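Asker: okay, structure incoming, though there's no sequence with it:
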């Protein structure tokens, strides 16, 4: 089984195509990069550069009101999806991308986010168009499993209990989120051990108890995220803003590095242009999750005046995750003299950067921030899991609770030990989710594009 997981992981995430570049180097492309980048370009063209053209509408869509108390507002769906998008990848992942690809990786990360916004719009709009009433939690639920199922019924012209592709997506999602649960706890316990010398067992037990109190209660998940996400993202943004203001004179040099290295002016000579592009592209794709089918599970739970409004909100979510939060980490790192972080990597590098800017408070701040980012991700993915569990097993409390308990067990195990094969299983899960979801997006995108046309027509009246 371990060998099979590793082979699938290599197929999904390993370089399967190599493009020769000037200077004798090459640009390695994984299967998911080959699938997601053209998809982003395709939907950006089909929506006529929606992320730029309709950015004001994205912001206005946050004010949409719900008509049912049990349904989510457009702002709440953004909060839930941001909780899962913003995590360790926005901190350590960005540091790794810049360490491996240089400052130029930031530019390619930004570009990938703009393309991903269009993909996020299409999948979220489809989730709205195909949502169903949720008899357990109230309001609505849905996501790729549901719109894939409805498409299969439409093609076959009859009611189906399950669709093969929808089942594959739902199972892949549940596998992915279990794997992520272990990564989350391991990241938090490691950060707290480094910052406060707290033994992992204490952090793990506290983490699992807090998580259980929240996720095992019917209505606690969204209420907790409504408070946690704006506070943690806002604090991280304000701290970064303070660092930028206090280092304002260095900003021109930082942006000069980003744009010059993005196009290989320095890397072309050093032989690292391929690393610049791919590290930025991969970080952008992995962080914002556009096309993976995760965020539509939150989008389906909303009620709005028009399905497109929720699609616009989720497109804005990609912008917030990558353009704002990931850029915050990039600025924190790039505004530090290189000799301060020489020889460091990952969390150690980020802690050293913040210690340079803020002293010992910086080390404490980043550990707490990582803990909050990761904890909110765990709560958010269990919100996503609701719809997949319901699709596979029906609307039954027993199955909903069983999956939550399984995720809590994985959270506990991950806090005490790192099992690489389980982490790979999480990456395999999200990779398979993406493939199954993209098949549906190409087949069903006409519905989302027609909804966009109707939305824009109604604005002109």
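Answerer: That came through, no problem. The structure displayed is predicted, hence computed values, not measured ones.
Asker: what is the least confident helix or strand in this structure?
Answerer: Ranked by mean pLDDT, DSSP states H and E, the helix or strand of the chain with the weakest confidence is helix 267-270, at a mean of 45.
Asker: mind checking pLDDT for the most centrally placed residue in the chain?
Answerer: Nearest to the geometric centre of the chain sits residue 85, at 2.9 Å (Cα atoms, centre = their mean). With respect to pLDDT, residue 85 scores 77.
Asker: the one 3 residues further on now?
Answerer: For residue 88, the model assigns a pLDDT of 65.
Asker: in the host helix or strand of residue 235, what counts as buried?
Answerer: Assigned by DSSP states H and E, residue 235 falls within helix 220-246. By neighbour count on 16 or more other Cβ atoms under 10 Å, the buried set for helix 220-246 is 221-222, 224-226, 228-229, 232-233, 236, 239-240, 243-244. (Glycine included, C-beta is placed from N, CA and C.)
Asker: how near is the residue nearest to the centre of the chain to residue 323?
Answerer: Distance, residue 85 to residue 323, by Cβ to Cβ, to the nearest Å: 12 Å.
Asker: try residue 367
Answerer: 25 Å.
Asker: neighbour count: the two, which is higher?
Answerer: Neighbours were counted for residue 367 and for residue 323 using other Cβ atoms under 10 Å; residue 367 has more, 23 against 18.
Asker: hang on, residue 395 is in a strand, isn't it?
Answerer: No - checked against DSSP: H, G, I helix; E, B strand; the rest coil, residue 395 lies outside a strand; its state is coil.
Asker: count the neighbours of it for me.
Answerer: When counting by other Cβ under 10 Å, one arrives at 17 neighbours for residue 395.
Asker: what's near enough to touch it?
Answerer: Contact analysis of residue 395 by Cβ atoms under 8 Å, 6 or more residues apart in numbering lists 134-136.
Asker: again, only this time at 10 Å
Answerer: Residue 395 is in contact with 132-137, 141, 386, 389, counting by Cβ atoms under 10 Å, 6 or more residues apart in numbering.
Asker: which stretches of this structure form strands?
Answerer: In the chain, the strands defined using DSSP state E lie at 15-20, 26-30, 132-133, 140-141.
Asker: and the contacts of the third one?
Answerer: Contacts of strand 132-133 with the rest of the structure, by Cβ under 10 Å, 6+ apart, involve 68, 70-71, 139-142, 146, 149-150, 300, 387, 390-391, 395.
Asker: mean confidence score for it?
Answerer: 90.
Asker: that strand pairs with which strands?
Answerer: strand 140-141 (antiparallel) (DSSP bridges).
Asker: residues making contact with the strand it pairs with?
Answerer: So strand 140-141 is in contact with 68, 70-72, 127-128, 131-135, 146, 297-303, 383, 386-391, 395, going by Cβ under 10 Å, 6+ apart.
Asker: can you select the buried ones among those for me in PyMOL?
Answerer: Buried members of these, defined by 16+ other Cβ under 10 Å, are picked up in PyMOL with:
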select buried, resi 71+72+127+128+131+132+134+146+297+298+299+300+301+302+303+383+386+387+388+389+390+391+395
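Asker: just the ones of the contacts of strand 140-141 in helices?
Answerer: Among the contacts of strand 140-141, DSSP state H puts 127-128, 146, 297-299, 383, 386-391 in helices.
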